[in-house]
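show me the folded form of this:
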Amino acid sequence: AECLSEITNTAGPVEAKEELLDECESIWRQMEEYQSKLMLLGTETQLPSEAKFSLLLLQWRALAVDCREWQERHPEMISTNPQILVELGKEELQKVKSDLEMVLSTVQSKNKQLETDLKREQQWYEEQKQTLDALNKIEEEAYIQVEQPSPKSDFNELKNKTLKLKAYKKELMKALSEFLDEHFPRPKNNEYTKNKNSSAEPAVELITLKEILEILINKWMKTPHEPYITINESFWPPYIELLLRFGIALRHPEDPSRMRLQAFHQ
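All right, here's what the predicted structure looks like:
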């Protein structure tokens, strides 16, 4: 009733407003009468079970008849006044228009966001495509420039390098041997006895520094997990001291009578 009164105040004439208010008051009075009847039914005294059952059955039949009548009835209009109907129609159309405008605004906003996302995705796609094309071009150029040597040429090149390394090793070993023979010869027996301050002859013949190095190298090559050798009487003490002092050899941490070659490769 309040909604309809607002409509008639804005657009409808005074007569239409009064007529609509009278109809609303009449409907309201009917509703109050029905409410009073329902309350009276609830306050009735309790009847015996059989009479109560018969009364309930009659009420049920009456309600069923009313239900069928309501189902067969067509909805009645509140008023037949054309001006009121026009105003009601205008209001409904205005609501529909507002709802459609809201939906349109939402759809336009969503479409705008989708267009922005689409442009961003297209730009990313173009960048990725350009990057891929550049990488493919670089790969093709590199494949063209690289010369693929045959297995035979690789084998010959490796063989030549091996021969050069062997020749260089031979020259190096020869130079090292000559250097050791010249500057570190075999010790003489009188030198050993002089260092020992004794006239006793050594039990075994002393070996050269080159032979000591060969023993150390061979031991390290054969048993790298146990590279230590035992220092016996054939090792001249000054040579042993020389190897230890310059870091060429190392003593065993627990047995000073053993030593090994320094691991220069580590």
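
any weak-confidence spans in the stretch 101-250 of the chain?
By pLDDT under 70, the low-scoring segments of the stretch 101-250 of the chain are 145-152, 189-203.

quick one: the helices in it?
Taking DSSP state H, counting those that start in this stretch as the criterion, the stretch 101-250 of the chain carries its helices at 151-183, 189-196, 209-222, 237-245.

want to throw those into CSV with mean neighbour count and distance to residue 93?
To be clear about C-beta, it is placed using only N, CA and C from the backbone, and glycine gets the same treatment. Below are these laid out as CSV (neighbours: other Cβ atoms under 10 Å; distance: least, Cβ to Cβ, whole Å):
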stretch, mean neighbour count, distance to residue 93
helix 151-183, 10, 89
helix 189-196, 12, 127
helix 209-222, 16, 104
helix 237-245, 15, 111
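
now those as TSV including distance to residue 102?
Below are the helices of the stretch 101-250 of the chain laid out as TSV (distance: least, Cβ to Cβ, whole Å):
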stretch	distance to residue 102
helix 151-183	77
helix 189-196	113
helix 209-222	90
helix 237-245	96
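
relative to residue 68, which of these is closest?
Closest to residue 68 of the helices of the stretch 101-250 of the chain is helix 151-183 (Cβ to Cβ; 101.6 Å).

quick check: angle from the closest one to helix 209-222?
140 degrees (axes from the mean of the first three to the mean of the last three Cα atoms, to 10 degrees).

so which elements touch helix 151-183?
Under the contact definition 3 or more Cβ pairs under 8 Å, 6 or more residues apart in numbering; DSSP states H and E, helix 151-183 sits against helix 209-222.

convert the helix it packs on to CSV, retaining C-alpha atoms only.
Coordinates of the C-alpha atoms in helix 209-222 are reproduced here as CSV (Å, rounded to 0.1, in the frame of the first residue of the first chain):
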residue,chain,number,x,y,z
LEU,A,209,118.4,-39.8,-5.4
LYS,A,210,117.0,-40.7,-8.8
GLU,A,211,116.5,-44.3,-7.7
ILE,A,212,114.8,-43.1,-4.5
LEU,A,213,112.4,-41.1,-6.6
GLU,A,214,111.7,-44.0,-8.9
ILE,A,215,110.9,-46.2,-5.9
LEU,A,216,108.5,-43.6,-4.6
ILE,A,217,106.8,-43.0,-8.0
ASN,A,218,106.4,-46.8,-8.7
LYS,A,219,105.0,-47.4,-5.2
TRP,A,220,102.4,-44.6,-5.7
MET,A,221,101.5,-45.8,-9.1
LYS,A,222,101.0,-49.5,-8.1
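
returning to that earlier point: right, so of the helices of the stretch 101-250 of the chain, which gets closest to residue 90?
helix 151-183 (94.2 Å).

quick check: domain ranges of this protein?
17-37+79-148, 205-265 (the TED database).

show me how far the shortest one is from its chain's centre.
Its chain's C-alpha centre lies 56 Å from the corresponding centre of domain 205-265 when counted by Cα atoms, centre = their mean, to the nearest Å.

equivalent analysis for stretch 124-132, please.
Here the centre of stretch 124-132 is set off from its chain's centre by 23 Å, with Cα atoms, centre = their mean.

export it to PDB, keeping only CA atoms.
What follows is stretch 124-132, C-alpha atoms only, in PDB (Å, rounded to 0.1, in the frame of the first residue of the first chain):
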ATOM      1  CA  TRP A 124      53.300 -11.800 -24.700                       C
ATOM      2  CA  TYR A 125      52.600 -14.300 -27.600                       C
ATOM      3  CA  GLU A 126      54.300 -12.000 -30.100                       C
ATOM      4  CA  GLU A 127      57.400 -11.600 -27.800                       C
ATOM      5  CA  GLN A 128      57.700 -15.300 -27.300                       C
ATOM      6  CA  LYS A 129      57.300 -15.900 -31.100                       C
ATOM      7  CA  GLN A 130      60.100 -13.300 -31.900                       C
ATOM      8  CA  THR A 131      62.400 -14.900 -29.300                       C
ATOM      9  CA  LEU A 132      61.800 -18.400 -30.700                       C
END
